[in-house]
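A.B. asks: here's a sequence, model it:
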Amino acid sequence: MSAPRPQNGRDDARPGGILVVDGRPATLKVLAAALAPLGRPVATAQSGREALRLLRTDRYAVILLDIRPPELDGFETAASIRQRKRIRGIPIIFLTPESASPEHAFPGYEAGAVDSVVKPIDPAILRSKVAVFVELYEKTREIERQANLLKEQELERAERVMAEKRHRRTRFLASAATALEQRLDVKARLAQVAQTCVPELADLALVALVHEDGGIDVAAIAHRGPDGEDILDNLVGSRLDRTAMAHWVVEAPESCIVPTVDRAALVDLGLGEAADDLLERMSLRALIVVPLALGGRALGFIVLCATQRRRYGEEELDLAQDLARKASFAVENAQLYEAERDRSQTLQVSLLGRPVATSQRVAAAMHYVAGTDGLDVGGDWYDVVEREDGRVLVVVGDVVGRGIRAATAMGKLRSAIAALALVVDSPPELLRRLDQFAERIEEARFGTVAVVLIDPDTGIVRYSLAGHPPPLVVTAEGHAAYLEGGSGLPLCVSTGPSTERVEATTTIDEGSTIVLYTDGLVERRDLPIDEGLERLRAGVAARAGHEPERLCDELVEEFAPTARDDVVVLCVRLEARAAAMTTLRFPAVASGLRETRAAARHWLEQQGVGRRGVADVIQACAEACANAVQHAYSDNLGEAELRLSLCPDGHLVVRVRDWGRWSPRAYTEFGGRGIGLMRVFMDEVHIHKTRHGTTVVMTKQVTLVREPVAVAAAPAA
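C.D. replies: Residues are numbered from 1 along each chain as shown. Got it, this is the predicted structure:
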């Protein structure tokens, strides 16, 4: 027989009972009565087999086991209990007859008993012994409960930590993807990749890019802390040594953790001589290198550097790989975008042509900036036409709309006005004929045009406007004012004879500059047009002494840094009549530089420039000409131009111009070394970069040992 068992709740939730095993029912009743004061459930079994069945389902704090129950004796039952993992820890107290000899107790202890009670049993002694094991059971159960609770809490904490890591990882990758989408060009996206990694993944992040020619450049660096800032800044734009790179970096790209950073590890990344500086200045502890690759094509790689503040493991490597995959897609998309944009801008530039002012009385510079919206070409245009009578016609126009149709209309208008400028003497008549021509081109209607005709010999300026913003004139002394008059309606807009094209006339002094522009330079959604015009006037007045190239660039930089519409700026300066000038054109080959330098030296000496001044100018010219030869045309043939202008007061202006296309890396190298030498020998140096080519403008106040004379040197072969 057995005591009734609870029907609800788990076994481990019930209090540990007492199991009494004895073959005599009367004894079981006596023992149960004796144990009742302990307040514990008492289960009884009349045999060892029955006891084992009870032990399968219930939990007990202690077992009172008669050594001679039916079927299985106490020793066999105890041995069987000790063989079962779940119940082997329950303490067993043997019930032995008074006649049993001491030798009978030894097998019980060997079978696993912890104590024995001799019959007839003293209830008080029995209760005291059983109470000890019941208390021990309760304490053990409490310890187990607390251990399980701690385990559950630890599991919950670990799950929270993992959830936070997953959330942080997801948030990190999502924010990185969002940031990358906000940038369109390759350079900006690579810079964003580096910035995203610091400080989340690295103390220093370096991103390298593989170019079409197979070379690998450091495209971007981000770092935390001032250590090694000068070294890192100089690394951006530098070319890595691909021949020294480890095979796994680019040739067969794979991700890896470099646990120890030494010189060999940095050389494997192509850092070369920079490796020693980095190791000396920065405490680099470990690296993660992950490739930027798509479809088996290597785009570059990302290097994450840890200092003493962090460690790298598989978790960081996995996160870096996920970021690299997103960055690879972003870089490829940016490359495709830039290729398409380059094609659009190439079309735009081809339609604009290559206007150059060869007159020695006029210096002209222009800057065209494509709008940032989309890839469509725009309708802004400009031209400089030198007439046979010596006058110079400058024109700026704007066709409504964007896209191929607008660009085609712009090209037709530009070609028409270039042809008309050679045979039509009056700006109003030129616009009137342009009206007739534009009537046949739907996209050209309502376009705006500013036509300015300059006579360099007299300084007389005749102009007429077709709905275009007024030109701005700034004197050498810094007085700037808009040209009043000559205003008219846009092309093909007429309301009768009263709207005939009109002309206005003014006279400008030597050293004055005329600035023509399109409305994208002055119009803003949050700014009245009058305020925009006044800001431009003040900006031009403050730069009255700048050469046209520098004036163009600084106006665009200040007033249209992120223009959403196309912007054209054209600056034309009337040079001093007394200035001595010469122009030397030479083929863009190294063999032609010596003769060009010799011709320039000879001209400077003829103008009475002192020996020291000649040496400085020739050295600067040599650097600028050499860079034009090296970078402008790659392997293609081309030509360059060296133009020198010297005023009687010793103010010398040097222009080195080419019509090629430099790579971004070439500008970086040029700015890093050649420009530094030029600045040493000249007072001011400015690089004017356009789609038509590059012009290096240098000025210097030289000492004259005699008055300059207007002697022109023959162009170099």
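A.B. asks: okay, CA-based contacts and neighbour counts for the rest of this
C.D. replies: Will do.
A.B. asks: look up which helix or strand the residue nearest the centre of the chain falls in, please.
C.D. replies: Taking Cα atoms, centre = their mean, the centroid of the chain lies closest to Gln192, which sits 1.9 Å from it. With elements taken from DSSP states H and E, the one containing Gln192 is helix 186-197.
A.B. asks: Ala418 touches Tyr382, doesn't it?
C.D. replies: No - Ala418 is beyond contact range of Tyr382, at 10.2 Å (criterion: Cα atoms under 8 Å).
A.B. asks: those two: which is more packed in?
C.D. replies: With neighbours defined as other Cα atoms under 10 Å, Ala418 and Tyr382 compare such that Tyr382 has more, 27 against 18.
A.B. asks: just to check, the more buried one is in contact with Val568?
C.D. replies: Yes - Tyr382 lies in contact with Val568 (Cα under 8 Å); the separation is 7.4 Å.
A.B. asks: quick check: neighbours shared by these two?
C.D. replies: Val396 (Cα atoms under 8 Å, 6 or more residues apart in numbering).
A.B. asks: now for the helix holding Gln192, which elements pack on it?
C.D. replies: For helix 186-197, the contact count by 3 or more Cα pairs under 8 Å, 6 or more residues apart in numbering; DSSP states H and E identifies helix 123-181, strand 204-210, strand 216-223, helix 314-352 as packing neighbours.
A.B. asks: now the ones you listed in JSON lines, with mean pLDDT, distance to Leu472 and mean neighbour count?
C.D. replies: Listed next are the helices and strands packed on helix 186-197 as JSON lines, based on pLDDT from 0 to 100; distance: least, Cα to Cα, whole Å; neighbours: other Cα atoms under 10 Å:
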{"stretch": "helix 123-181", "mean pLDDT": "82", "distance to Leu472": "40", "mean neighbour count": "14"}
{"stretch": "strand 204-210", "mean pLDDT": "91", "distance to Leu472": "44", "mean neighbour count": "24"}
{"stretch": "strand 216-223", "mean pLDDT": "90", "distance to Leu472": "41", "mean neighbour count": "23"}
{"stretch": "helix 314-352", "mean pLDDT": "82", "distance to Leu472": "22", "mean neighbour count": "18"}
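A.B. asks: least confident secondary structure element in this protein?
C.D. replies: The weakest-scoring helix or strand in the chain, judged by mean pLDDT, DSSP states H and E, is helix 664-669 (a mean of 52).
A.B. asks: using TSV, lay out the helices and strands packed on helix 186-197 together with distance to Tyr368.
C.D. replies: Below are these laid out as TSV (distance: least, Cα to Cα, whole Å):
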stretch	distance to Tyr368
helix 123-181	26
strand 204-210	28
strand 216-223	26
helix 314-352	9
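A.B. asks: domain parsing for this structure?
C.D. replies: As assigned by automatic domain parsing, the chain contains the domains 11-146, 183-344, 353-574, 580-701.
A.B. asks: helices of the stretch 301-450 of the chain, start to end?
C.D. replies: Counting by DSSP state H, counting those that start in this stretch, the stretch 301-450 of the chain has helices at residues 314-352, 404-420, 427-438.
A.B. asks: buried ones in the shortest one?
C.D. replies: Within helix 427-438, the residues that qualify as buried are 427-432, 434-435, 437-438, counting by 16 or more other Cα atoms under 10 Å.
A.B. asks: any stretches of the stretch 301-450 of the chain with poor pLDDT?
C.D. replies: Counting by pLDDT under 70, the stretch 301-450 of the chain shows low-confidence ranges at 309, 344-345, 348-349, 353-355, 371-377.
A.B. asks: picking that back up, what pLDDT is listed against the residue nearest to the centre of the chain?
C.D. replies: Reported pLDDT at Gln192 in the predicted model: 87.
A.B. asks: ok, now Ala620?
C.D. replies: In this model, Ala620 carries a pLDDT of 95.
A.B. asks: chain neighbours aside, what residue packs nearest to it?
C.D. replies: Nearest non-adjacent residue to Ala620, counting by Cα to Cα, 6 or more residues apart in numbering: Met678, 4.8 Å away.
A.B. asks: tell me the contacts of Ala418?
C.D. replies: By Cα under 8 Å, 6+ apart, the contact list for Ala418 reads 383, 385.
A.B. asks: measure it to Val369 for me?
C.D. replies: For Ala418, the distance to Val369 equals 22 Å [Cα to Cα, to the nearest Å].
A.B. asks: same thing with Leu430?
C.D. replies: Distance, Leu430 to Val369, by Cα to Cα: 27 Å.
A.B. asks: now Val362
C.D. replies: In terms of Cα to Cα, Val362 sits 23 Å off from Val369.
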